[in-house]
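Trainee: Here is my input, please return the structure:
(one chain, ligands or ions: 1)
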Amino acid sequence: MKESCDIENQKYVIPRDSSGGIVKSDGGSLTTAEKLFKNCQIVTADGKLASDLGLAVSDGRIVSVGRNEMLPEANQVVNLEGNVLLPGVIDCHVHTRTPGHEYKEDWRTATAAAAAGGVTTIIAMPNTEPILDRPSRVNSSFETAADDAHVDYQTHVVVTAENLDQLSDLAKSGIAGFKVFLGITFGDIEAPNDGALLDAMDRISSLDKRLGFHEENDEIRAYLENQFEKKGKTDAIYHNRSRPPIAEVEAVSRVCLFANETGCPVHMFHLSSGSAAEALTEWQSKGVDATAETAPHYLWLTEETVKEQGTVARVQPPLRTETERDLLWEAGIEAGTVGCIATDHAPHTDEEKGIDNPNKSVWDTPGGFVGVETQVPAMLSFVSEGRLTLPEWVRLHSTQPAKTWGMYPEKGSLLAGTHADFTVVDPTATWALDRTDLHSKSTATPWDGQTFTGRVETTVVRGEVVYDGEDLTATPGYGERAPTAQIR
Ligand SMILES: [Zn+2]
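Mentor: As a prediction, this is how the structure comes out:
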């Protein structure tokens, strides 16, 4: 990976005419812009650019990137004070809990947390009530988001045995992608049987959308869970034991086998184990179009967190052993098999998560915890340790998620003419999380009190500052549905 490159030779600079004006796409020349973002270092997935840079923005789009002194005139100037500007972070896995579970979270609070967490676009998950399985429900979800969202948004829709005849219309309803829940999780959505799944994948293969999976073998889970429950084992760690890595490896393998057969592009949500990453690598090397995401908690925390913190750390798939976690880094992140970071932001109340309740049975505790607001500092902490470079960080958080779900280059690129979505960070600031500062409705998280290196300073969506380092600065409803196009 290139560590630095010459801004003058980059595609990021719009050509200038002989008078020094910037040449517009319609052939005219541009000497002014609406807004300038100045004094930053810019990092893209291609490499680090120089540090005395700025971007000119008009109509919510980047019109030029260049040295401060080369930028056009503008009425408004935002001084970024030497911080690092990255293409806006996309979190492709956010449970907004709306409709149906608004007491846990809603579009307004989920996207407030996103803005404060440096996330400029979220993709919502469809295990709502009712589930998002038909175009009318998708439309009404988009309408709620349009009223409430602080940042740009998208949604995944669910595939069940009952909605195969709706898949084509769903693809046309402006969504990001499809999801199948192979493993039971919040919402108890039943997976299609293998026959219906093959049928669904065959249909989706011609829709230019990707089908993502909650990839856990549910028969293994159900059998083991039943055994532990019968023996009265209610400690949180038995939830981990009921979902061993083999359940994930089997599901990855089955999904990829079916993808190989049908040509359906697939995605692994929340890949949690190194063993599953190794299985996925094999299928990718055979040419199967299979992408994957993992979450900061699988790269940082382990089973020890479950032993220490109990039910609050219940998540599915579960946190793994240190050996599996280290293998996930090696076979997933470093090998490039896992291309995206997403949080599986899953809000539940303190009571539901058993905070301050040592008698809470893990079997009565829902899985998951909040994450959209902590992913940027968590993963920047790995940059500070030298485990990731900033360009690699950008690829995982922005560029690859945008490509995976058809938003590139409008999102995730910083190319001239595309959306001015920026995540501005101080990668050296060290601070500790107090969960009461989070913007979600529910704030139960195993990260409470965690020290991070790296902080969000400014979040910009289509040229508007939506978070200034202290306060949310956009009106709810500013967010728009992110456009999606071809995924390959
Ligand atoms: Zn999820």
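Trainee: Could I get the phi/psi values of Ile122?
Mentor: phi -120, psi 150 (degrees, to the nearest 10).
Trainee: if I pick it, what's in contact with it?
Mentor: Contact partners of Ile122, counting by C-beta atoms under 8 Å, 6 or more residues apart in numbering, are 90-92, 94, 96, 110-111, 114, 151-154, 345, 372. Where you see a C-beta, it was placed from the backbone N, CA and C, and this is true even at glycine.
Trainee: please redo it, this time with the cut-off set to 6 Å
Mentor: The contact partners of Ile122, by C-beta atoms under 6 Å, 6 or more residues apart in numbering, come to 91, 94, 114, 153.
Trainee: Neighbour-wise, give me the winner out of the residues you listed.
Mentor: Each of the contacts of Ile122 was scored for neighbours by other C-beta atoms under 10 Å, and Ala114 scores highest at 35 neighbours.
Trainee: My guess is Pro391 contacts Ile42. True?
Mentor: No: at 10.9 Å, Pro391 does not count as touching Ile42 under the criterion of C-beta atoms under 6 Å.
Trainee: Quickly list what's touching both of these two.
Mentor: Applying C-beta under 6 Å, 6+ apart, one finds that no residue jointly contacts Pro391 and Ile42.
Trainee: More neighbours: which of the two?
Mentor: More neighbours surround Ile42 than the other of Pro391 and Ile42, with 25 against 20 (other C-beta under 10 Å).
Trainee: for the more buried one, helix, strand, or coil?
Mentor: Per DSSP: H, G, I helix; E, B strand; the rest coil, the local secondary structure of Ile42 is strand.
Trainee: where does this protein dip in pLDDT?
Mentor: Within the chain, the stretches with pLDDT under 70 are 1-30, 488.
Trainee: change it to 90
Mentor: 1-32, 46-52, 63-73, 183-191, 416, 485-488 (pLDDT under 90).
Trainee: other SSEs contacting the helix or strand harbouring Thr428?
Mentor: Element membership for Thr428, per DSSP states H and E: strand 422-432. Using 3 or more C-beta pairs under 6 Å, 6 or more residues apart in numbering; DSSP states H and E as the contact definition, the elements that strand 422-432 packs against are strand 84-87, strand 451-461.
Trainee: The last one relative to strand 422-432, how many degrees between them?
Mentor: In other words, strand 451-461. 160 degrees (axes from the mean of the first three to the mean of the last three C-alpha atoms, to 10 degrees).
Trainee: Please tell me how far strand 451-461 is from the chain's geometric centre.
Mentor: Using C-alpha atoms, centre = their mean, to the nearest Å, the mean C-alpha position of strand 451-461 is found 16 Å from that of the whole chain.
Trainee: buried ones in it?
Mentor: 452-461 (16 or more other C-beta atoms under 10 Å).
Trainee: For the most centrally placed residue in the chain, which residues are in contact?
Mentor: Against the mean C-alpha coordinate of the chain, by C-alpha atoms, centre = their mean, the closest residue is Asp91 at 2.1 Å. With contact taken as C-beta under 6 Å, 6+ apart, Asp91 is in contact with 119, 122, 342-343, 372.
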